[in-house]
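Student: sequence and predicted structure are below.
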Amino acid sequence: MKTSEYNQCVTEVSDDLYRYAYRLLNDQFGAEDAVQEVFERIWKKRKEVRFEEARNYLFKSTYNLCMDLIRKQKTARKYSETLPVETRQPSVNHQFELQDLLHQALNKISDMHRSLILLRDYEGYSYQEIGEITGLSESQVKVYIFRGRKALKSIISKVNQYE
């Protein structure tokens with residue numbers, strides 16, 4: 001990869017990587033650090049990575065790095081998925097309320113499910129591309145996404161019952 005191609009990757013992909021890392025980590029500074037580290041990794045391997053494969057390489061590196069960080073966080077503190085989703089008073093803008101509810105629900109599902117749903121529904125990757133990024137087979141990706149969406153539906157329906 002040439003320097004100009006690397007710069008093009010930074011320009012075109014950095015926002016998507018940040019959004020993906022932020023959704024996985026729920027931490028602004030952690031996401032910024034992760035994206036910076038991923039771009040540093042690709043810079044060091046720029047002679048080995050072809051420009052056409054750079055986007056997938058960057059997402060795969062971001063996925064791996066974020067999963068490592070999440071594992072480290074889990075060993076440092078006990079994570080409880082049994083906490084109820086926060087309910088809020090109706091806001092002026094219903095769209096932001098729905099986005100907030102979805103964001104909270106995404107935080108309640110497993111890291112694997114959240115990661116795959118974000119790649120598929122937020123970033124628009126195909127099942128095959130997600131498999132390449134995560135190291136899973138295409139059928140495993142489909143199953144995990146189905147189960148993740150089912151878990152999201154369950155969490156959101158519980159919140160709707162309380163309202």
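Tutor: Done, it's in. Numbering: from 1, shown residues only.

Student: so what does the helix or strand containing Tyr63 touch, helix or strand wise?
Tutor: Using DSSP states H and E, Tyr63 sits within helix 54-76. Where contact means 3 or more C-beta pairs under 8 Å, 6 or more residues apart in numbering; DSSP states H and E, helix 54-76 is packed against helix 3-25, helix 28-44, helix 111-117, helix 127-134. All C-beta spots, glycine's among them, are computed from the backbone N, C-alpha and C.

Student: what's the angle from that helix to helix 127-134?
Tutor: 50 degrees (axes from the mean of the first three to the mean of the last three C-alpha atoms, to 10 degrees).

Student: what angle separates helix 54-76 from helix 28-44?
Tutor: Going by the same axes, to 10 degrees, helix 54-76 makes 130 degrees with helix 28-44.

Student: ok now stretch 65-76, how far from the chain's centre?
Tutor: 14 Å (C-alpha atoms, centre = their mean, to the nearest Å).

Student: can you list the helices and strands packed on helix 54-76 in a markdown table and add mean neighbour count?
Tutor: Output for the helices and strands packed on helix 54-76, formatted as a markdown table (neighbours: other C-beta atoms under 10 Å):
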| stretch | mean neighbour count |
| --- | --- |
| helix 3-25 | 17 |
| helix 28-44 | 16 |
| helix 111-117 | 21 |
| helix 127-134 | 20 |
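
Student: do you know which of those helices lies nearest Asp68?
Tutor: Nearest to Asp68 among those is helix 28-44 (9.6 Å), distances taken as C-beta to C-beta.

Student: which residues touch that closest one?
Tutor: For helix 28-44, the surrounding residues in contact (C-beta atoms under 8 Å, 6 or more residues apart in numbering) are 1, 6, 9-10, 14, 17-18, 21-22, 24-25, 49, 54, 57-58, 61-62, 65-66, 69.

Student: by how many degrees do it and helix 3-25 diverge?
Tutor: Using the same axes, to 10 degrees: helix 28-44 against helix 3-25 is 150 degrees.
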